[in-house]
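In: A predicted structure for the sequence below; I have some questions about it.
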Amino acid sequence: MKRRIVVALTGASGAVYGVRLLEELREANDVETHLVVSSAAWLNLATELDVGRARVEALADFSYSDKDIGATIASGSFSTDAMVVAPCSMRTLAGVATGLAGSLITRAADVTLKERRRLLLVTREAPLHLVHLRNMVTVTEMGGIIFPPVPAFYVGLDSLDAMVDQTVGRVLELIGIDSPLLRRWDGLKPGRAPED
């Protein structure tokens, strides 16, 4: 049976994270993807990547309107393995943290948490104020994972594409999917350690 992964894109900058995630999941033979894109995310996809609805939806097995509260992924009886919101806006974070399931994205995230399934929020905002931080703590306390896309410079990332791929590789690992995108730390090379 295929693993079901819900992928949501929201209005935060960083639409490339959601698209790269979908591209990688498309390559996995044992994964079925369920996509939800907010109206603000569609604007970001057009602005940041110059891609339209047809291209993005073609990367997923199933696609839903963010207004479709009757979709299968809105119910805990529809079994899924994980949900990733990439990128995750502060509005979506706030909705998840407070249980305001007014859209399909926040409802599916709420279902993921209540069913004790894995939820990753690739949060994109800086700087953060106190409410952002408190919402992140609340989601963490409920079992979600807050995953800001922070570059891992220590593995020798040499381009923006490499940084995006490293983040997507880490996200995939956190939902139980091995990824060749992930550059792993293998310790300091001999002669590189600082002198005592």
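Out: Arrived safely.
In: tell me which element Val6 falls in.
Out: In this structure, Val6 sits in strand 3-9 according to DSSP states H and E.
In: C-terminal to that strand, what's the next element?
Out: Downstream of strand 3-9, the next assigned helix or strand under DSSP H and E is helix 15-27.
In: angle of that next one against strand 3-9?
Out: Note on geometry: by axes from the mean of the first three to the mean of the last three CA atoms, to 10 degrees, helix 15-27 and strand 3-9 are set 160 degrees apart in direction.
In: which strands and helices lie in contact with helix 15-27?
Out: Other helices and strands packing on helix 15-27, by 3 or more CB pairs under 8 Å, 6 or more residues apart in numbering; DSSP states H and E, are strand 3-9, strand 31-37, helix 39-44, strand 82-88, helix 160-174. Quick note: C-beta positions are derived from backbone N, CA and C, even for glycine.
In: is it possible to get CSV of the ones you listed that adds distance to Pro190?
Out: Below are the helices and strands packed on helix 15-27 laid out as CSV (distance: least, CB to CB, whole Å):
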stretch, distance to Pro190
strand 3-9, 40
strand 31-37, 40
helix 39-44, 45
strand 82-88, 37
helix 160-174, 24
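In: picking up where we left off before, quick check: neighbours of the strand holding Val6 in the sheet, parallel or antiparallel?
Out: The pairing partners recorded for strand 3-9 under DSSP bridges are strand 31-37 (parallel), strand 82-88 (parallel).
In: what's the most buried one of these?
Out: Mean neighbour count (mean count of other CB atoms under 10 Å) peaks for strand 82-88 among the strands paired with strand 3-9, with a mean of 28.
In: give the next helix or strand downstream of that strand.
Out: Remark: after strand 82-88, the chain's next helix or strand is helix 90-98, criterion DSSP H and E.
In: now do that next one against strand 82-88, angle only.
Out: Going by the same axes, to 10 degrees, helix 90-98 makes 140 degrees with strand 82-88.
In: quick one: buried residues of helix 90-98?
Out: Residues of helix 90-98 classed as buried: 90-97 (neighbour count, 16 or more other CB atoms under 10 Å).
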